[in-house]
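J.: Okay, predicted coordinates and the sequence, questions at the end:
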There are 2 protein chains.
Amino acid sequence: MKAGPSQEEIRRHNLGTLLRFVHLRGPASRATLAETLGLNRSTIMALTSDLTAAGLVREELPRRPGRRAGRPSLVVQPESTRVYVLAFDVAVDRLAVARVGLGGTVLDRRETERPRGELDTGDLVGALAGAARALVRKAGRDAVCVGAALAFPGIVRRADDMIMFGPNLDVDGLSLGDALARRLGLGVPVAVRNDANLGALAEHERGAGVGCDDLIYLHGDVGVGGGIIVGGRLLGGQEGYGGEIGHMVVNPGGRPCACGSRGCLETEVGERTLLAHAERDGPGRPVGRDAVRAVVDAADRGDIVARDALHRVGTWLGFGVANLVNIFNPGMVVFGGTLRDIYLGSAAQVRSVLATGALAAPRERVRLRTAELGDDVTLVGAAEYAFAEVLADPVQVLARLRGPAETALR
Amino acid sequence: MKAGPSQEEIRRHNLGTLLRFVHLRGPASRATLAETLGLNRSTIMALTSDLTAAGLVREELPRRPGRRAGRPSLVVQPESTRVYVLAFDVAVDRLAVARVGLGGTVLDRRETERPRGELDTGDLVGALAGAARALVRKAGRDAVCVGAALAFPGIVRRADDMIMFGPNLDVDGLSLGDALARRLGLGVPVAVRNDANLGALAEHERGAGVGCDDLIYLHGDVGVGGGIIVGGRLLGGQEGYGGEIGHMVVNPGGRPCACGSRGCLETEVGERTLLAHAERDGPGRPVGRDAVRAVVDAADRGDIVARDALHRVGTWLGFGVANLVNIFNPGMVVFGGTLRDIYLGSAAQVRSVLATGALAAPRERVRLRTAELGDDVTLVGAAEYAFAEVLADPVQVLARLRGPAETALR
């Protein structure tokens, strides 16, 4: 039980809310801001002026002026090129690094494929840091990095960002964020979070789930991850491990899973099982997103084996989604990563199982969607996560990052 | 995105926070309140004075004065007998009504058993209203009813409290709250909520889960219900149907469920299945809580059939709990209603399945507990829910309820 906020806390909250609005929804006039945030114009002016002084926004003439006669109203826009974050995405098959400006613009990016299998931590940190430094060098002199975050396909402890379980990369007990932050030397920590959790955040803030505050995101890489938005906030649970939907047992006694259990959703609908059902597994055969897409394409062309494989996988996916609908009464379930393709190839079967497996009341209004952010969903999520601190307390964070010389701005 | 609160909103929030503190934690000195709520003494004095004027709290000498010399400090305590709610609990086998005072004291109660089977709505509303009116008549003249809520074993739509699905009482599409409020004529609406959701609230605020903000409550009546606390708040989902853990399919192709699916947790661990496994089902045989307890008692005495029945049920309960641990990373799972007894009789098996079915990281710290509020858990939850409005805005709500003559108090 906590008492209400102080005046100073409210001011910081309002600065953050205004900045968050233009970050997520784009440039807006003072009038729009006043109306949307429920604040009067003089408060908006004061907030905008503080954010401008801190170098976080600027006011400009709109590119497409309105039709009304007279002087067009100035719009507040985020300083996209001067204020940025670094977003890292470690997937089983590839590494991606992006420099993302305030407002969500990807300013620059590097991406490399990597062979599957165990991870050499030193190599990984070296590759990520090298790519990031190249991106930073290309940023302007007055640009400031306000945060960094990394999406990882494993279970991450919230308290210290320790990777506790990452069976598909075999990296239990790794403090990847600390190692990377030291190597980068930019003076900002690198947060590490579960990739599917970040995918949920991205689709909720910038993708299919904008405006939907109860959303479930299912992400297929080699495994199956999940991210859950409850009442507008990411479900973390007691220690941040929440959302491991891939390890929900849907088929007791089913296929053995890397987690030690059997019949987990991940084992029944994952890439390996789909390729096995489709008779496309085995040494030397293609794996990864392209191999999954090839099965879906073959099914579209009428290939019976591929169709059957998708039907079987779709059945278990349907059971999983039905359980989630009953437990969460979500407004939307979003399929991303390889599950995007798998869902598109098995939607009829998923819906058929859902029709009997979920209760009528929560089933009626749930929408099943594919991730709008495509292959970048987890990378975008990492960027959004990296912006969280500056959006929570913009002026203070900027002052700290720019150093004591500029704190006078406050 | 919403701007920070106004001064008036903060004052209301602080009034509510102070009242909530003494409601849930009991009488407290101004010094304790100031320290706990993080407010200065003069603010606490002003808030206490407003709440006293509204008749919500009073200040008194503590019953057991401290050991320090000098005048003992006054304590702020809730007006338990003057401010109360009505709590209703409709279970499959019984009806209960209680008058519960601010602070959570059960001032008076009525309880009747009822035969199983379909519900005659008129009879039900009549029985509940009759019992409630008898309780209200015994309240003092200056007592005021500030809310009413009813716990129901079914799915309830948040927007209008409509019961959408209650297979064990066959009452789909019933507006029980409206009918009851009209019959009561006290000028307060009667909220209707899912019984297990209210059980979760009760255990979180007054039971095993105090201080645990990520908690799952599983409630056994004839069916199995669930209530989930995420980050300190009840998970409702898009329309309030969230928490239907009883309809998570744990055994695809298992026993048919009243919901139309098969192998739902409810069908695999519910009363009927336990009694069937224990060879105690059939026409004329005892049912309900006592019949469940008899199986657990028999198993304790070494009855092989009863032990085997609990082992089988414990296996599926273990799968269900493992899934929930993976999905939610809860700090605690609480078993209430008949599941309290079933869990106590099958804990070893539940833990054994959990050990392989849940990931190590979220499993390590989860505590499995039985409901501390016993048979009253859903009734207490209804009372807490009924207090929610007055705790959110105490002075305004009291003024409205006491009528225009007393609004001058504000």
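T.: Sure, I can see it.
J.: can you count the residues close to A:Arg301?
T.: Using other CB atoms under 10 Å in any protein chain shown, A:Arg301 has 9 neighbouring residues. Every C-beta, even on glycine, is put in place using the N, C-alpha and C of the backbone.
J.: Could you check the pLDDT of it?
T.: On the pLDDT scale, A:Arg301 is placed at 97.
J.: again with A:Val249
T.: pLDDT, A:Val249: 96.
J.: right, and it touches A:Thr267 too?
T.: No - using CB atoms under 8 Å, A:Val249 makes no contact with A:Thr267, being 9.4 Å away.
J.: Other residues contacting the strand or helix carrying A:Ala134?
T.: Using DSSP states H and E, A:Ala134 sits in helix A:121-137. Under the contact criterion CB atoms under 8 Å, 6 or more residues apart in numbering or on different chains, helix A:121-137 has outside partners A:86, A:88, A:90, A:95, A:97-99, A:107-110, A:112, A:114, A:145, A:148, A:150, A:171, A:174, A:176, A:179-180, A:183-184, A:186.
J.: Could you give me the buried positions within that helix?
T.: A:Leu124, A:Val125, A:Ala127, A:Leu128, A:Ala129, A:Ala131, A:Ala132, A:Arg133, A:Leu135, A:Val136 (16 or more other CB atoms under 10 Å in any protein chain shown).
J.: Tell me the residues of the stretch 301-410 of chain A that contact chain B?
T.: A:319, A:322-323, A:326-331, A:356-362, A:365-366 (CB under 8 Å from any CB of the partner chain).
J.: Please pick the buried ones from those residues.
T.: A:319, A:322-323, A:326-331, A:357-359, A:361-362, A:366.
J.: The residues you listed: which two are farthest apart?
T.: A:Phe319 and A:Gly331 (20.5 Å; CB to CB).
J.: in the stretch 301-410 of chain A, what residue is nearest chain B?
T.: Nearest residue of the stretch 301-410 of chain A to chain B: A:Asn329, at 2.6 Å (CB to the nearest CB).
J.: Find the nearest non-adjacent residue to that residue, please.
T.: Of all residues not flanking A:Asn329 in the chain, B:Gly237 sits nearest, at 2.6 Å (CB to CB, 6 or more residues apart in numbering or on different chains).
J.: Tell me which residues touch the one you found, please.
T.: Taking CB under 8 Å, 6+ apart, one finds A:Asp214, A:Val230, A:Phe328, A:Asn329, A:Pro330, A:Gly331, A:Pro362, B:Gly243 in contact with B:Gly237.
J.: Mind checking which of those land in helices?
T.: Secondary structure assignment by DSSP state H places A:Phe328, A:Pro362 of these in helices.
J.: Format the contacts of B:Gly237 as TSV; extra columns: distance to B:Thr48.
T.: As requested, the contacts of B:Gly237 are exported to TSV (distance: CB to CB, whole Å):
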residue	distance to B:Thr48
A:Asp214	38
A:Val230	35
A:Phe328	41
A:Asn329	40
A:Pro330	43
A:Gly331	42
A:Pro362	44
B:Gly243	37
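J.: TSV please, covering the contacts of B:Gly237 and showing distance to A:Arg255 and pLDDT.
T.: Converted to TSV, those look like this (distance: CB to CB, whole Å; pLDDT from 0 to 100):
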residue	distance to A:Arg255	pLDDT
A:Asp214	31	98
A:Val230	30	98
A:Phe328	25	98
A:Asn329	30	98
A:Pro330	27	98
A:Gly331	32	98
A:Pro362	29	96
B:Gly243	30	97
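J.: out of the contacts of B:Gly237, what pair is the most spread apart?
T.: Counting by CB to CB, the most remote pair of the contacts of B:Gly237 is A:Gly331 and B:Gly243, 15.7 Å apart.
J.: A:Gly147: which element?
T.: Going by DSSP H and E, A:Gly147 is in strand A:144-152.
J.: Show me how far the next helix or strand after that strand is from its chain's centre.
T.: Scanning forward in sequence from strand A:144-152 by DSSP H and E, the next helix or strand is strand A:155-156. Relative to the chain's own centre, strand A:155-156 is displaced by 15 Å; criterion: CA atoms, centre = their mean, to the nearest Å.
J.: strands paired with strand A:155-156, and their directions?
T.: Looking at strand A:155-156 with DSSP bridges, its partner strands are strand A:163-165 (antiparallel).
J.: Other residues contacting the strand it pairs with?
T.: With CB under 8 Å, 6+ apart, strand A:163-165 has contacts from A:152, A:154-157, A:171-176, A:192, A:241, A:259, B:359-361.
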